[in-house]
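Could you work out the structure for the sequence below:
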Amino acid sequence: MLRQQDVGHRIVVRRIVGIREGRPLYSDALGELVELSETHLTVATAQGRLRVPVAEVHRAKRVPPTHRPTAAAVVELELAADEAWPAPVRGRLGDWLLRAADGWTGRANSALPVGDPDRPLPAALDAVERWYADLGQPPMVNTPLPLANPVGAELDARGWASGPPVLVQTVPLATLSRAALSQAALSQAAPQVELAATPSEDWLTVAAGSKGGLPDAARHVLTAVDQVRFAHVYADGALLAIGRGAVTGQGRWLGFSLIEVLPEARRQGLAGRIIRALADWGIAAGASHAFLQVEQRNTPAVALYRTLGFTTHHTYLTRVAPR
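Numbers count the residues shown, from 1 in each chain. All right, here's what the predicted structure looks like:
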């Protein structure tokens, strides 16, 4: 049966649709799983959304995507994401990137094993472990899948732990802008989004609450990008929601991060408004596509991004060395 980890992935569902001569009749549905609860699952099929009671499901499983991205496409997007979240301490191991930011976020404190490390794989991972040990940090490696499957297998053999799966999702900006405009039209009374080239102190306070603090290295990660905007939504002088957008990858990609709405302001369409404002800015800056990274288990966020047109490009795991 399906699990929450399957949300955002392509599945096939065989459901019972009736009984004839004492035997069940079945119908199959193929599409992306967008919601899974104890009582129902929802699949986005080519014909539209289908909501199926769990009691009617005979069989359901994840299936491979119709089109897997090429290795070159995964590398391009991973490098654009690295530019959008730049660690202040950096090193190289052949083509591999080594990154550190005082432990603030896994992305900024992990090796990115794309390309050729200029040495056999076991020796490359030995070098990664030494680099992080010299900094006094636990070695971590982000493994884009399936591109980095050989790296993952070697890490498995070494007993490295795995973080939760992360979906790297993309959408053409024109599609995103239209979808976000439709959502914004449903909440006309919502406060407006203000974009700034630098984050306010209020913005940084909300970000710190979301990420468990904000060391000096974090400010570098957030601001050391040539083209970046920080979204603020205020009401009666109080900051209700934030977001961040950065254009990287030779100007092609707009990366979203830290889309956060305070608990008292949720379900007002503010996240969609922030995404729309940043998308419009990204289009004006020349970007054509958007990406974001979301934990697979964060089903409310995955469902929201699905309504805005995002689909999963690839996934990654953050691997952590044993202590």
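
Residue 59 contacts residue 14, correct?
Yes. Between residue 59 and residue 14 there is a contact at 4.4 Å, judged by Cβ atoms under 8 Å. Yep, even glycine has a C-beta here, placed from its N, CA and C like the rest.

Tell me which of these two has more neighbours.
Ranked by neighbour count (other Cβ atoms under 10 Å), residue 59 and residue 14 place residue 14 first, with 15 against 11.

That one: what's it in contact with?
Contact partners of residue 14, counting by Cβ atoms under 8 Å, 6 or more residues apart in numbering, are 26-28, 57-60.

any chance of these in TSV, plus distance to residue 18, pLDDT and secondary structure?
Compiled in TSV, those are given as follows (distance: Cβ to Cβ, whole Å; pLDDT from 0 to 100; DSSP: H, G, I helix; E, B strand; the rest coil):
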residue	distance to residue 18	pLDDT	secondary structure
26	9	94	strand
27	9	94	strand
28	14	94	strand
57	15	94	strand
58	12	92	strand
59	17	92	strand
60	18	94	strand
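
What about the residues you listed, which one has the most neighbours?
residue 60 (20 neighbours).

buried sites along stretch 273-289?
With burial defined by 16 or more other Cβ atoms under 10 Å, the residues of stretch 273-289 counted as buried are 273-283, 287, 289.

now those in a markdown table, with pLDDT and distance to residue 95?
As requested, these are arranged in a markdown table below (pLDDT from 0 to 100; distance: Cβ to Cβ, whole Å):
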| residue | pLDDT | distance to residue 95 |
| --- | --- | --- |
| 273 | 92 | 39 |
| 274 | 94 | 35 |
| 275 | 94 | 32 |
| 276 | 92 | 36 |
| 277 | 95 | 36 |
| 278 | 96 | 30 |
| 279 | 95 | 31 |
| 280 | 95 | 35 |
| 281 | 97 | 32 |
| 282 | 97 | 28 |
| 283 | 96 | 31 |
| 287 | 97 | 25 |
| 289 | 97 | 23 |
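
which regions of this structure sit below the pLDDT cut-off?
Across the chain, the stretches falling below the confidence threshold (pLDDT under 70) are 5, 180-189.

so who does residue 12 touch?
Counting by Cβ under 8 Å, 6+ apart, the residues that residue 12 touches are 28-30, 60-61, 63.

now swap in residue 39 and tell me
Residue 39 makes contacts with 53-55, as judged by Cβ under 8 Å, 6+ apart.

Just the buried ones among these, please.
Applying 16+ other Cβ under 10 Å to the contacts of residue 39, the neighbour count classes none of them as buried.

Among these, which ones are in strands?
Here DSSP state E is the test, and the contacts of residue 39 give residue 53 as lying in strands.

what would the contacts of residue 39 look like in a markdown table with distance to residue 129?
As requested, the contacts of residue 39 are arranged in a markdown table below (distance: Cβ to Cβ, whole Å):
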| residue | distance to residue 129 |
| --- | --- |
| 53 | 50 |
| 54 | 45 |
| 55 | 50 |
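
Of the contacts of residue 39, which is the nearest to residue 225?
Checking the contacts of residue 39 against residue 225 with Cβ to Cβ, the nearest one is residue 54 at 44.2 Å.

I figured the closest one was touching residue 40, is that so?
Yes. Between residue 54 and residue 40 there is a contact under Cβ under 8 Å: 6.3 Å.

What separation is there between residue 293 and residue 8?
Per Cβ to Cβ, to the nearest Å, residue 293 is found 12 Å from residue 8.

Please disregard the earlier target; I meant residue 20.
Counting by Cβ to Cβ, the gap between residue 20 and residue 8 amounts to 35 Å.

Between these two, which has more neighbouring residues?
residue 8 (26 against 7).

what sits against that one?
Applying Cβ under 8 Å, 6+ apart, the residues near residue 8 are 32-34, 167, 169, 296, 302, 306, 312.

circling back: need the contacts of residue 12 in TSV with distance to residue 111, can you?
Below are the contacts of residue 12 laid out as TSV (distance: Cβ to Cβ, whole Å):
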residue	distance to residue 111
28	42
29	40
30	37
60	36
61	33
63	31
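
ok so residue 203 is a strand residue?
No. Remark: residue 203 does not belong to a strand; assigned using DSSP: H, G, I helix; E, B strand; the rest coil, it is helix.
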